[in-house]
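Engineer: Have a look; sequence and predicted model below, questions after that.
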Amino acid sequence: MFNFAKSTALMLLIAAVALAADVSGTWTASFDTQVGQQNYTYTFKVDGGKLTGTAKSNLGEGTITDGKVNGDDISFTENLNYQGMQLMIPYKGKISGDEIKFTRTVAEGFDPETFVAKRAK
């Protein structure tokens, strides 16, 4: 019975990883911010539940760190050098097909920004 429990737990773990949304590839978004309209291109790579990549906007390009994908949840930090200031912008999102609804907070004291990124085709 112990082997059955181990096998069942392993199968559930494999199923959870298999059910993680595949966000690998290119995504785009355009949204208003405190510094004006931003046009972003995100390039994601997922390995298991780990997310890496880049976030490129009209303000510069940053790397993605601390990225995770768990089912339809996604989170990461964009590391952006903006006018000589290093910004670490946390993102949280919900994946739904070819769209991700994101919320990010650029800095403490600023309102969170909510927008939708779409898979580039």
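Structural biologist: Yep, that arrived.

Engineer: which residues in the chain form strands?
Structural biologist: Using DSSP state E, the strands of the chain run over 25-33, 36-47, 50-57, 60-70, 73-82, 85-96, 99-104, 113-119.

Engineer: List the strands paired with the third one, with their directions.
Structural biologist: According to DSSP bridges, strand 50-57 forms sheet pairs with strand 36-47 (antiparallel), strand 60-70 (antiparallel).

Engineer: Please give the centre-to-centre distance between the shortest one and its chain.
Structural biologist: Its chain's average C-alpha position is 6 Å from that of strand 60-70, according to CA atoms, centre = their mean, to the nearest Å.

Engineer: And that strand, what's buried?
Structural biologist: 62, 64, 67, 69 (16 or more other CB atoms under 10 Å). All C-beta atoms are positioned from the backbone trio N, CA, C, and that covers glycine.

Engineer: roughly how far apart are the first one and T28?
Structural biologist: Okay, so that is G62. 16 Å (CB to CB, to the nearest Å).

Engineer: Near D111, how many other residues are there?
Structural biologist: 9 (other CB atoms under 10 Å).

Engineer: repeat for R104
Structural biologist: With other CB under 10 Å as criterion, R104 counts 20.

Engineer: How about it, nearest residue that isn't a chain neighbour?
Structural biologist: The spatial neighbour of R104 that comes closest, neighbours along the chain excluded (CB to CB, 6 or more residues apart in numbering), is Y91 at 4.6 Å.

Engineer: Quick check: which of the strands paired with strand 50-57 is nearest to T54?
Structural biologist: strand 36-47 (4.9 Å; CB to CB).

Engineer: how distant is that closest one from the center of its chain?
Structural biologist: 8 Å.

Engineer: Residues contacting that strand, please?
Structural biologist: Strand 36-47 is contacted from outside by 20, 22-32, 51-59, 64, 67, 69, 117, 120, using CB atoms under 8 Å, 6 or more residues apart in numbering.

Engineer: Alright, I will stop here.
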